[in-house]
Structures are given as C-alpha cells and as structure tokens.
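K.L.:
Mind folding the following:
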Amino acid sequence: FTNLPEEHILLEDPQIQVLRQTGIIRNMFYIGRTYEREYDGPDTVKIHRCTGHMHIGAIEQRIENAVTGEIICTSKATYGTDPMSDLGFVTGMGVTNFNPHILLSADQSIRVVTLYNASTVHTGVMGLFSMLFSDGNVQVKKEETPLTVEFCEASTCNASKLPIAEKLQETCTDDIEETLVCTSFGVCSCDTFLELPNVIDGCDGYLLAKTGARYPTTFFCAKTCNCTVGEKDIEAKLQKAIKSVCAYASKDCHDYLANLYSCADEKDGIDSVETVVRDLVVRQGRFIALEGSKLGHPALHQMESTLHDGSERVIPVCGSNDGEGQDAPDSTTSFGVRGEPTSLYFLNFVLVALFFS
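P.N.:
Got it, this is the predicted structure:
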C-alpha cells in the first residue's frame, strides 16, 4: 500500500485502495449482463436491485449521489473460511433490494466507489456494479410470464418471416467508427486499422487484443473486406429476431417460433426460401427455435437438458389455423398490480484499475 498512487489512497485509512468514478447513469452503464449495448433505456429509471462484483482484496462497493453524498446502494464482500476450499477467496457480494422500487433520473449524477484492502497481496483491482431496473412501459400479462414458450408446429412455412440474404448483404457496412478501436484509440478508418501490427492476416484474419482475445477483422471493416452473407449472418439474424419478439411468452413469440420450427421441418413454403437460408434453417432451425423458447438469462435454465436435435421435447402440431396464434397466450387478460410493468434489464458498470500491490 505504500506504493499506491495518491488518488487511490483513502484518506481515512491509507491501507485501503479506493477507485472512484463519477458521471450520469446513462453514460456510465451499459444494458445487459454482457454489455450488449450502451444505455438506451427510459429517462426515469425504476431500480429494483443492485449488487457489485469484485475480486480478492475486495472490501465493498457503493453508489452515491454525487451531489449530496447520499448512499444509494452498497455491496460488501464476504470471504470463505474453509481452509480446504475457499479460505481467502471472495464467496459473495451483498445485494441491496428495493421494495418498493426507487426512482432515479437517467441523468442523475452518481459516484461509484470501490474499496480494496491494499495491505494484502493481489494483482490488479476492479469493480463491476449491476442494477436491475424496469423500463416502465411494458404491460405483462399472466399468460406471458412462463420462462419457457410452449409453442406448437405450424402446418406450413411462412417464408416471409425468415431472413432474406439479399437484404442482409445491404447491411454489410464498415462499423469501425462505432467500436472502441475508434472511440478509445482513435483508429477510425479501415485503411489505418488493417495496417495495425496486431491485426493478423488482414481481411481474412483478426484483431489480437492484449488480453489474448481475437476479434474478426470483418467485425470492424466488413464492407472494406468484401463481406458476403454466410450462415453465421443468417443465424445471427434469426437470434436477433427471436430476442426482439420473445421478451415474454407472447402470441407473437409463439407464432415466430412455431413458424421457424415448421420451416426447419421442411413444411410447404420452404422451397421459396433462398438456398443459403434454407440450408441453415433446415439444419439448425429446430435447435434455434427450441433454445429461443427458453426466456430470460441462461442461468435460469442451467439444469435443463440441451435440445440439440429436439428429440427430448415433443412439439405438438398446431390446430386448424396454420399455427397462427393457435395455443398461443390469450392477449386479453391483464396481469400485475395496477398495471405495474415487469420488464427488467441489467445495467452494468465496470471500473478497472491495473495496479500491483
């Protein structure tokens, strides 16, 4: 701790390393457990829960009102005591629950504070804070609350609901300006990017990060590298469509999965689909539909068997209406207390300081 940078020393106790970052909620947090996208949620955030994530040496994290200093939520580390398994390791982080929820403006100025014990040996410190919030705009019905969508198999394949390869080709663009390579490191043109020493094998290769991670060159410069639509692009489009329509076990979600499963079973209508799309759907469509029927975070389904070929789950044939809405949830029954929405998201904030103490 005697070598801590001055800004990392807690005045009240010099043996504690402190990391602080201040900003507004919409700028500091990302949506999703895996930082899927920058914050694009409501202007007023309904917070239901928050918790931290730290490593060895952790003491606690907290979020404060940057103006008043009021503590919004805290998360303290607990350590294992069993010398045979977890002694000295972080075994849990505290959770702050709000019932009822609290309201914060997305433009609220907050300060995230992370405290580590600098008198113990550890390599590097970090802090991640997650908040569970609702968007305040979605009405969830009772029939839409199951975590697994029980869909049926339609009698025909509606090809218009499947991706169109030609349209995917039109979306083949250079996205480097929207990536951290540009916003954080100033490399915003593909010509410059392809000349970087850690870009291996040019357009056919990848960007090698310092962490050892590899990112395909086409992720940054697809158009420059003359991208073509392949099965991975089609599968990604299907996954995106399912994610968009299947936030809940709704009628639209039921119908989309039923149609995809039917197309994979080569029902009437599949012949009008482009070859590259048809081949992928026939081979992988059942699996994609079945996995897409499992809603929420994967951890909620971790004890379930993986449905690679559909053999472990029997999908019934839909009724007489070609599957459109048959056996789907009733769309008229409301659910919840006074229409209280329950669409929940994770906001993730990460603060990392590489320092060896």
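
K.L.:
Which residue ranges of the stretch 151-300 of the chain form strands?
P.N.:
With DSSP state E, counting those that start in this stretch as the criterion, the stretch 151-300 of the chain has strands at 199-200, 206-208, 214-216.

K.L.:
which stretch among those strands comes nearest residue 164?
P.N.:
strand 214-216 (23.1 Å; CB to CB). No exception for glycine: its C-beta is placed from N, CA and C like everyone else's.

K.L.:
The helix or strand hosting residue 100: partners in the sheet, and parallel or antiparallel?
P.N.:
Following DSSP states H and E, one finds residue 100 within strand 95-105. Applying DSSP bridges, strand 95-105 is found paired with strand 44-53 (antiparallel).

K.L.:
If you count neighbours, what's buried in the strand it pairs with?
P.N.:
45-53 (16 or more other CB atoms under 10 Å).

K.L.:
ok, and for whichever helix or strand comes after it, which residues are buried?
P.N.:
Counting by DSSP H and E, the next helix or strand C-terminal to strand 44-53 is strand 58-65. Neighbour-count burial for strand 58-65 flags 58-64 (criterion: 16+ other CB under 10 Å).

K.L.:
What is the nearest of those residues to residue 295?
P.N.:
Once CB to CB is applied, the member of these that ends up nearest residue 295 is residue 63, at 28.7 Å.

K.L.:
element containing the spatially closest residue to that closest one that is not a sequence neighbour?
P.N.:
Among residues not flanking residue 63 along the chain, residue 72 sits closest, at 4.5 Å (CB to CB, 6 or more residues apart in numbering). Applying DSSP H and E as the criterion places residue 72 in strand 71-79.

K.L.:
re the thing from before, is it possible to export the strands of the stretch 151-300 of the chain to CSV including distance to residue 82?
P.N.:
As requested, the strands of the stretch 151-300 of the chain are arranged in CSV below (distance: least, CB to CB, whole Å):
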stretch, distance to residue 82
strand 199-200, 44
strand 206-208, 39
strand 214-216, 38
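
K.L.:
Now render those as TSV, adding mean pLDDT, distance to residue 132 and mean neighbour count.
P.N.:
Below are the strands of the stretch 151-300 of the chain laid out as TSV (pLDDT from 0 to 100; distance: least, CB to CB, whole Å; neighbours: other CB atoms under 10 Å):
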stretch	mean pLDDT	distance to residue 132	mean neighbour count
strand 199-200	93	38	16
strand 206-208	91	33	18
strand 214-216	86	29	14
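
K.L.:
Compare those strands and report which one is nearest to residue 101.
P.N.:
Going by CB to CB, the one of these nearest residue 101 is strand 214-216, 37.4 Å.

K.L.:
neighbouring contacts of the closest one?
P.N.:
Residues lying outside strand 214-216 but in contact with it, judged by CB atoms under 8 Å, 6 or more residues apart in numbering, are 205-209.

K.L.:
now do stretch 7-27
P.N.:
Contact with stretch 7-27 is made by 1, 4, 28, 39, 41, 45, 57, 59, 66, 104-119, 125, 127, 347, 351, 353, 355, 357, as judged by CB under 8 Å, 6+ apart.

K.L.:
now that stretch, how far from the chain's geometric center?
P.N.:
Centre-to-centre, stretch 7-27 and its host chain are 27 Å apart (CA atoms, centre = their mean, to the nearest Å).
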